[in-house]
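J.: coords below, sequence missing:
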């Protein structure tokens, strides 16, 4: 789905492909000094969510353990001790492959609390995005290291909750890695190091894209119970659960722009619409102008419609032609699988075992999520929206925007159900 070309088409133009990174560096101590420290280290993991991405994440986590032990001989042991999902059977089915007993697999809205109470050192959470602020807060409050999937919220309130919990994680010395796996890609980190050293000069502008074919179900269901919203793969249909595909999927590409420009956008103005979908309440496509500091404009575009032109990637115009950086790229001193989904877990585990300068990607992924929400709302409303109004100005309606239902509502039963085709329409006829 992604182009891998990272070469320059012309001296002043570079084609970049999706990944991102830098975040926190793991520190300067040599890995040889970690061998004894990591020897026979035992860690317990709890899994919140047991669908496709969650099952992929726990598999990648266990593969990361194998790579670390193979390359570094740490004798690292990691055990899955509890899992949950909306459907208890799904949790049990995913967990049994890792030796987790069925009585430690939970269902329902409060399952995450039981997983955390089971005493894991690490929480892996890949529930629908609407729940991630709540689950992340609970994990950090309980003193757990966290891997959580992107995006990490569906509204501005959720973004701010994640940023605040990320600050608490720093105070507690906890490691936090997000599912923006481009930030753990060797190619993207090498490009970042070259940008950091000034070899490309300023980024003058660019475009980021996730345009692909149709995806997810398209049969209207008009939800009547929590499972219709949050379970069985149906959550992707609802803005209230996924944030729309500009947030749920295109966040990867926007994150690269944020990373390379070292900033979130200052404002957004865009448009989009729903032309083919019948199920859910998302748009089919978005086209948004994101304005960053120093007058840099990034064109954000995404689409999920069959039989159309497709492209997933990032394309930036640089002031200079680039070159080979003098210093090593981030994570270059760590073992690598060559699979970004596994490498992000390698970096998480190395950070935990080392214990110094823990990696913390909470703000990075929150900013990327916030930028995608900013873009979405500019298209839904037809208005130019400033970052400051959405995330700083408490009197702004954008600051106070909250999706309904909120994640806590699933525990109280106070649910508001969206309906198929009930979309936001900008402007007036």
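T.: Good, I have the coordinates. Given the structure is predicted, the values throughout are model-derived calculations rather than measurements.
J.: walk me through the domains of this protein.
T.: Following automatic domain parsing, one gets these domains for the chain: 24-183+333-360, 186-327+366-394+402-412.
J.: got the ones you listed as JSON lines, with distance to residue 420, mean neighbour count and mean pLDDT columns?
T.: Bear in mind the C-beta positions are built from the backbone N, C-alpha and C, glycine included. Shown next, in JSON lines, are the domains of the chain (distance: least, C-beta to C-beta, whole Å; neighbours: other C-beta atoms under 10 Å; pLDDT from 0 to 100):
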{"stretch": "domain 24-183+333-360", "distance to residue 420": "17", "mean neighbour count": "20", "mean pLDDT": "91"}
{"stretch": "domain 186-327+366-394+402-412", "distance to residue 420": "4", "mean neighbour count": "20", "mean pLDDT": "96"}
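J.: can I get those domains in TSV including distance to residue 418?
T.: Formatted as TSV, the domains of the chain follow (distance: least, C-beta to C-beta, whole Å):
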stretch	distance to residue 418
domain 24-183+333-360	12
domain 186-327+366-394+402-412	5
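J.: what sits up against stretch 102-119?
T.: 44, 46-48, 81-89, 91-92, 95-96, 123, 125, 127, 131, 134-135, 138-139, 142, 144, 226, 410-411 (C-beta atoms under 8 Å, 6 or more residues apart in numbering).
J.: which ones among the residues you listed map onto helices?
T.: 88, 89, 91, 92, 95, 134, 135, 138, 139, 226, 410, 411 (DSSP state H).
J.: just put those in JSON lines and tack on distance to residue 66.
T.: Output for the ones in helices among the contacts of stretch 102-119, formatted as JSON lines (distance: C-beta to C-beta, whole Å):
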{"residue": "88", "distance to residue 66": "29"}
{"residue": "89", "distance to residue 66": "28"}
{"residue": "91", "distance to residue 66": "24"}
{"residue": "92", "distance to residue 66": "24"}
{"residue": "95", "distance to residue 66": "19"}
{"residue": "134", "distance to residue 66": "32"}
{"residue": "135", "distance to residue 66": "27"}
{"residue": "138", "distance to residue 66": "29"}
{"residue": "139", "distance to residue 66": "25"}
{"residue": "226", "distance to residue 66": "37"}
{"residue": "410", "distance to residue 66": "36"}
{"residue": "411", "distance to residue 66": "37"}
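J.: tell me where the stretch 201-350 of the chain has helices.
T.: All helices of the stretch 201-350 of the chain, identified by DSSP state H, counting those that start in this stretch, fall at 226-230, 239-242, 245-248, 251-261, 340-354.
J.: could you do the stretch 51-200 of the chain as well?
T.: So, for the stretch 51-200 of the chain - with DSSP H, counting those that start in this stretch - the helices run 52-72, 88-95, 111-117, 132-141, 156-172, 186-196.
J.: from the ones in helices among the contacts of stretch 102-119, which is closest to residue 336?
T.: The closest of the ones in helices among the contacts of stretch 102-119 to residue 336 turns out to be residue 139 (C-beta to C-beta; 26.8 Å).
J.: CSV for the helices of the stretch 201-350 of the chain, including distance to residue 363?
T.: Formatted as CSV, those follow (distance: least, C-beta to C-beta, whole Å):
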stretch, distance to residue 363
helix 226-230, 27
helix 239-242, 22
helix 245-248, 17
helix 251-261, 10
helix 340-354, 16
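J.: so which of those gets nearest residue 153?
T.: Closest approach to residue 153 among these (C-beta to C-beta): helix 245-248, 8.3 Å.
J.: can you tell me which helices and strands the closest one packs against?
T.: strand 296-304, helix 362-381 (3 or more C-beta pairs under 8 Å, 6 or more residues apart in numbering; DSSP states H and E).
J.: let me have those in CSV, extended by distance to residue 194.
T.: Formatted as CSV, these follow (distance: least, C-beta to C-beta, whole Å):
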stretch, distance to residue 194
strand 296-304, 18
helix 362-381, 19
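J.: so which of the ones you listed is nearest residue 244?
T.: Among the helices and strands packed on helix 245-248, the nearest to residue 244 by C-beta to C-beta is helix 362-381 (5.4 Å).
J.: next SSE downstream of that closest one?
T.: Going down the chain from helix 362-381, the next helix or strand is strand 385-386, by DSSP states H and E.
J.: just to revisit the earlier point, out of the helices and strands packed on helix 245-248, which is closest to residue 163?
T.: Taking these one by one with C-beta to C-beta, helix 362-381 is closest: 4.8 Å.
J.: pull the contacting residues for residue 261.
T.: Here residue 261 is in contact with 203, 292, 293, 296, 298 (C-beta under 8 Å, 6+ apart).
J.: and the gap between it and residue 292?
T.: Using C-beta to C-beta, to the nearest Å, we find residue 261 at a distance of 5 Å from residue 292.
J.: what touches both of the two?
T.: residue 298.
J.: now do the contacts for residue 377.
T.: 268, 385, 390, 398, 401.
J.: repeat that for residue 165.
T.: Residue 165 touches 133, 136, 137, 140, 141, 362, counting by C-beta under 8 Å, 6+ apart.
J.: then residue 385?
T.: By C-beta under 8 Å, 6+ apart, the residues touching residue 385 are 267, 268, 269, 374, 377, 378, 398.
J.: excluding chain neighbours, what is closest to it?
T.: Nearest-residue entry for residue 385: residue 378, 4.9 Å, with adjacent residues in sequence omitted and distances by C-beta to C-beta, 6 or more residues apart in numbering.
J.: quick one: residues contacting residue 290.
T.: 254, 257, 265, 267, 268, 297, 298, 299, 300, 371, 374, 375.
J.: the second one and residue 298 touch, don't they?
T.: Yes. In this structure, residue 257 sits in contact with residue 298. The criterion is C-beta atoms under 8 Å, and the distance is 4.9 Å.
J.: which residues do those two both contact?
T.: The contact lists of residue 257 and residue 298 share 206, 208, 265, 290, 292, where a contact means C-beta under 8 Å, 6+ apart.
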